[in-house]
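> Provide a 3D model corresponding to the input given below.
(one chain, ligands or ions: 2)
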Amino acid sequence: MKLNVKLLDIASRGVLLNSTDARTLRVRDGDRVLLIDEVTGRTAQAYVDTTDSIIEPGVVGVYKPVNATLAAGDGATVEVRSADRPRSLVHIKKKMDGGRFTKDETVEVIKDVVDDTLSAGEISAYVTASYIHGLDLDEIEYLTRAMVDTGERLRFTRHPIVDKHSIGGVPGNKISLLIVPIIAASGLLIPKTSSRAITGAGGTADLMEVLAPVDFPASEVQRMTEKAGGVIVWGGATNIAPADDKIIAHEYPLRIDARGQMIASVMAKKTAVDADLVIIDIPVGRNTKVEDVQDGRKLAREFIDIGERLGMRVECALSYGESPVGHTIGPNLEVREALTVLEGATEPNSLIQKSISLAGMALEMAGKAAPGQGAEVAADVLRSGKALDKMRQIIEIQGGDPNVKAEDLQPGEYKFDVRAPQDGYVIELNNRSLVTLARFAGSPYDHGAGLYIHAKKGKRVKKGDPIFTIYAEREWRLSRAIEVGRALMPVVVEGMVIERIPQDRWV
Ligand SMILES: O=P(O)(O)OC[C@H]1O[C@H](OP(=O)(O)O)[C@H](O)[C@@H]1O
Ligand SMILES: O=c1cc[nH]c(=O)[nH]1
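Ligands and ions are numbered 1, 2, ... in the order given. Below you'll find the predicted structure:
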């Protein structure tokens with residue numbers, strides 16, 4: 001069928017057809033069509049959206065990414081035909097039925113993710129199938145390699161390249177903001193790429209964005225690392241393992257992190273930045289991604305095995321994940337806390353100990369500290385102010401204000417204190433519920449939204465003491481967070497009645 005092109009500024013790989021034309025073509029929403037430019041012969045595939053009114057019969061609305069390949073002008077005539085579904089959908093269906101991906105199938109799926117050939121719904125199905133049925137080590141290796149091969153790679157002349165990554169899942173985990181400058185200040189190169197929040201309320205890329213831009217092409221990441229020793233950038237902007245962020249974007253709303261995909265996501269980023277020595281942080285505890293130490297050890301083994309297959313030395317730290325790291329959750333609050341420590345604060349202990357322990361492991365692996373001495377060496381770098389100076393250099397090279405101070409970063413103006421309902425000890429701080437509250441308050445998009453935890457687990461409180469404060473940039477968001485908080489009860493003080501269940505509930 002011949003149709004006239006109308007260019008539409010929409011950022012997905014689709015076309016918009018009038019429902020009458022769609023019926024004639026025998027296609028429905030989500031089906032594929034092939035477009036062939038009558039004059040140039042150029043072709044492009046797209047998936048179909050339909051309308052009764054926005055596009056008239058005889059016209060095809062062509063979205064921007066489709067026209068990047070078709071290069072047609074407004075009014076050009078194109079032949080539009082129904083097209084076959086990509087074969088990667090057959091592979092995804094196989095995984096949904098509990099099958100295994102082969103190497104070629106994995107490559108095909110990942111190419112289609114990168115080229116936007118798969119729709120949002122199809123990528124969600126892929127992630128969900130991997131989440132439910134898991135990936136074995138071979139499948140994870142295929143996926144890691146496919147993610148690396150479909151993007152750019154950094155190639156450093158100076159080695160070793162050190163890197164660190166957390167699997168996330170514990171709120172307030174701002175440790176990369178300390179570890180990267182400690183390692184870079186120790187004379188090593190650390191090109192740190194991070195994700196935005198996946199299951200949490202602020203990923204490292206969301207935090208760093210408070211201080212400086214995080215969107216850079218791969219060549220800039222390499223140049224800045226060579227100059228400053230380290231960077232903290234958003235992986236999604238780099239074209240380093242570009243499938244990664246496209247997949248994560250579909251995990252975020254579901255708040256899932258499919259295990260095999262997670263290992264591949266992390267290890268693809270490490271491979272693509274040319275890392276030799278890698279530290280993986282695996283927070284363990286209830287309401288995290290890894291609920292017990294046994295499972296943590298198994299996951300660590302998988303990271304180490306994949307590292308061996310890809311030529312990297314990997315060490316894992318099973319870290320305490322039962323409650324948040326430090327006192328803060330959400331971009332401004334977390335960055336303020338991290339800067340306070342870089343500026344010399346000796347609290348919070350959980351943040352400082354975790355950061356120097358992991359940085360210390362990296363320093364030992366790289367031969368910058370004797371075995372068993374890494375944490376002490378890292379603590380010296382922190383105490384000496386060299387890590388702060390290095391962080392300022394990193395902020396500056398990424399285009400931020402190097403003179404920023406912790407006190408410059410303020411939470412949102414709307415706040416609400418959640419108080420102890422009775423005397424006792426705080427016996428539970430539920431990670432997932434705290435993240436839910438922070439997200440309802442607006443985090444990570446509203447940088448000022450988040451939580452400040454006054455009383456952590458084990459702290460004695462008196463009735464009426466504030467346990468945590470919710471911050472928001474918008475009043476309606478604060479109200480929503482308070483409402484959700486009442487239902488979730490993210491904090492339990494010893495002796496509290498969590499729920500009263502009357503006898504008639506069961507009749
Ligand atoms: O949102 P959840 O699932 O908690 O975790 C995601 C965060 O964990 C990792 O941290 P890092 O890059 O090692 O600092 C990711 O890059 C991301 O920032
Ligand atoms: O980078 C990361 C971190 C956790 N999980 C992922 O899938 N990727």
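
> use CA for all of it now, contacts and neighbours both
Will do.

> Report the secondary structure state of the closest residue to ligand 2 within the chain.
For the chain and ligand 2, the shortest gap (C-alpha to the nearest ligand atom) falls at residue 262, measuring 3.5 Å. Assigned with DSSP: H, G, I helix; E, B strand; the rest coil, residue 262 falls in the helix class.

> Quick check: closest non-adjacent residue to it.
Leaving aside its sequence neighbours, residue 262 sits nearest to residue 167 (C-alpha to C-alpha, 6 or more residues apart in numbering; 7.4 Å).

> The one you found touches residue 284, doesn't it?
No - assessed by C-alpha atoms under 8 Å, residue 167 is found out of contact with residue 284, at 10.3 Å.

> Please say which of these two ends up with more neighbours.
Legend: neighbour count by other C-alpha atoms under 10 Å for residue 167 and residue 284, higher for residue 284 (25 against 19).

> Phi and psi next, for that one.
Backbone torsions of residue 284, given as degrees, to the nearest 10, read phi -120, psi 130.

> what do you get for the one 10 residues further on?
Recorded main-chain torsions at residue 294 are phi -60, psi -50, according to degrees, to the nearest 10.

> Can you get me a residue count around it?
Residues within reach of residue 294, counting by other C-alpha under 10 Å, total 11.

> Next one: whichever helix or strand residue 180 is part of, is it in contact with ligand 2?
Using DSSP states H and E, residue 180 falls within helix 176-185. No - Helix 176-185 stays clear of ligand 2 (C-alpha under 6 Å from any ligand atom), getting no nearer than 12.3 Å.

> packing partners for that helix?
strand 190-194, helix 204-211, strand 230-234, helix 331-342, helix 349-365, helix 374-383, helix 386-397 (3 or more C-alpha pairs under 8 Å, 6 or more residues apart in numbering; DSSP states H and E).

> what about the closest residue to residue 71 other than its chain neighbours, neighbour count?
Nearest residue to residue 71, sequence neighbours excluded (C-alpha to C-alpha, 6+ apart): residue 42, at 7.7 Å. For residue 42, the neighbour count with other C-alpha under 10 Å is 14.

> And the one 3 residues further on, by the same measure?
The local packing of residue 45 (other C-alpha under 10 Å) involves 23 other residues.

> Likewise for the one 3 residues further on?
Applying the criterion other C-alpha under 10 Å, we find 21 residues in the vicinity of residue 48.

> So it: helix, strand or coil?
The three-state label given to residue 48 by three-state DSSP is strand.

> Enumerate every residue touching residue 235.
Residue 235 makes contacts with 193-195, 241-242, 245, 269, as judged by C-alpha atoms under 8 Å, 6 or more residues apart in numbering.

> Let's see that with 7 Å instead.
Counting by C-alpha atoms under 7 Å, 6 or more residues apart in numbering, residue 235 makes contact with 193-195.

> near ligand 2 too, which of these?
Among the contacts of residue 235, the ones lying near ligand 2 by C-alpha under 6 Å from any ligand atom are 194-195.

> quick one: strands adjacent to the helix or strand hosting residue 16?
For residue 16, the host element (DSSP H and E) is strand 14-18. For strand 14-18, the pairing partners within the sheet under DSSP bridges are strand 43-51 (parallel), strand 59-63 (antiparallel).

> after it, next one along is what?
Next helix or strand after strand 14-18 toward the C-terminus (DSSP H and E): helix 19-25.

> what's that following helix in contact with?
Helix 19-25 has contacts (C-alpha under 7 Å, 6+ apart) with 28, 50-52, 57, 81-82.

> Separate out the buried members of the residues you listed.
Among those, those classed as buried by 16 or more other C-alpha atoms under 10 Å are 28, 50, 57, 81-82.

> What parts of the stretch 51-200 of the chain come near ligand 1?
So the stretch 51-200 of the chain meets ligand 1 at 165-170, 176, 194-200 (C-alpha under 6 Å from any ligand atom).

> Strands - which of those land there?
Per DSSP state E, strands hold the following members of these: 165-166, 194.

> picking up where we left off before, could you give me the PyMOL syntax to select whichever of the contacts of residue 235 are buried?
Remark: buried members of those, expressed as a PyMOL selection using 16+ other C-alpha under 10 Å:
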select buried, resi 193+194+195
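
> shouldn't residue 75 be in contact with residue 6?
Yes - counting by C-alpha atoms under 7 Å, residue 75 touches residue 6, with 6.1 Å between them.

> the more surrounded of these two?
Ranked by neighbour count (other C-alpha under 10 Å), residue 75 and residue 6 place residue 6 first, with 20 against 13.

> Let's verify the more buried one: helix, strand, or coil?
At residue 6 the chain is in strand, as set by three-state DSSP.

> How about the host helix or strand of residue 128 and ligand 2, touching?
Residue 128 belongs to helix 120-133 when assigned by DSSP H and E. No - residues of helix 120-133 are not located near ligand 2 by C-alpha under 6 Å from any ligand atom, the shortest gap being 10.5 Å.

> Tell me the first helix or strand C-terminal of that helix.
Downstream of helix 120-133, the first helix or strand assigned by DSSP H and E is helix 137-149.

> what about residue 153, neighbour count?
A count of neighbours around residue 153, defined by other C-alpha under 10 Å, yields 21.

> Helix or strand: which one has it?
Assigned by DSSP H and E, residue 153 belongs to no helix or strand.

> Switch the strands paired with strand 14-18 over to a markdown table; also include mean pLDDT.
Putting those into a markdown table (pLDDT from 0 to 100) gives the following:
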| stretch | mean pLDDT |
| --- | --- |
| strand 43-51 | 95 |
| strand 59-63 | 98 |
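
> so who does the closest residue to ligand 1 within the stretch 401-507 of the chain touch?
As assessed by C-alpha to the nearest ligand atom, ligand 1 sits closest to residue 435 within the stretch 401-507 of the chain, at 9.0 Å. Each residue near residue 435 by C-alpha under 7 Å, 6+ apart is listed here: 171, 200-201.

> just residue 281 next, same as before
Residue 281 sits next to 165-167, 316-319 when contact means C-alpha under 7 Å, 6+ apart.

> Show me what residue of the stretch 201-350 of the chain gets nearest to ligand 1.
Counting by C-alpha to the nearest ligand atom, the stretch 201-350 of the chain gets nearest ligand 1 through residue 203, at 3.3 Å.

> Show me the protein divided up by domain.
Domain segmentation of the chain under automatic domain parsing yields 2-83, 88-134, 162-239+263-406, 414-494.

> Between its first and last residues, how far does the second one reach?
Yep, that's domain 88-134 we're talking about. Terminal residues of domain 88-134 are spaced 18 Å apart (C-alpha to C-alpha, to the nearest Å).

> Please state the offset of that domain from the chain centre?
In terms of C-alpha atoms, centre = their mean, to the nearest Å, the centre of domain 88-134 is set 20 Å apart from its chain centre.

> how close does the closest residue to residue 122 other than its chain neighbours get to residue 108?
In space, and not counting its chain neighbours, residue 122 is closest to residue 89: 7.5 Å by C-alpha to C-alpha, 6+ apart. According to C-alpha to C-alpha, residue 89 and residue 108 sit 10 Å apart.

> try residue 399
Residue 399 is 38 Å from residue 108, by C-alpha to C-alpha.

> So these two - more neighbours on which side?
Using other C-alpha under 10 Å as the criterion, residue 399 and residue 108 rank with residue 108 on top: 17 against 13.

> isn't the more buried one right up against residue 88?
Yes - Residue 108 is within contact range of residue 88, at 5.9 Å (criterion: C-alpha under 7 Å).

> so where do the strands sit in the stretch 201-350 of the chain?
Listed in chain order, the strands of the stretch 201-350 of the chain (DSSP state E, counting those that start in this stretch) span 230-234, 277-284, 313-320, 328-329.

> which residues does residue 247 contact?
Listed by C-alpha under 7 Å, 6+ apart, the contact partners of residue 247 are residue 123.

> returning to what we had before: just send the helices and strands packed on helix 176-185 back as JSON lines, with distance to residue 63 too.
What follows is the helices and strands packed on helix 176-185, written out as JSON lines (distance: least, C-alpha to C-alpha, whole Å):
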{"stretch": "strand 190-194", "distance to residue 63": "30"}
{"stretch": "helix 204-211", "distance to residue 63": "29"}
{"stretch": "strand 230-234", "distance to residue 63": "26"}
{"stretch": "helix 331-342", "distance to residue 63": "34"}
{"stretch": "helix 349-365", "distance to residue 63": "46"}
{"stretch": "helix 374-383", "distance to residue 63": "50"}
{"stretch": "helix 386-397", "distance to residue 63": "36"}
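
> All good on my end, thank you.
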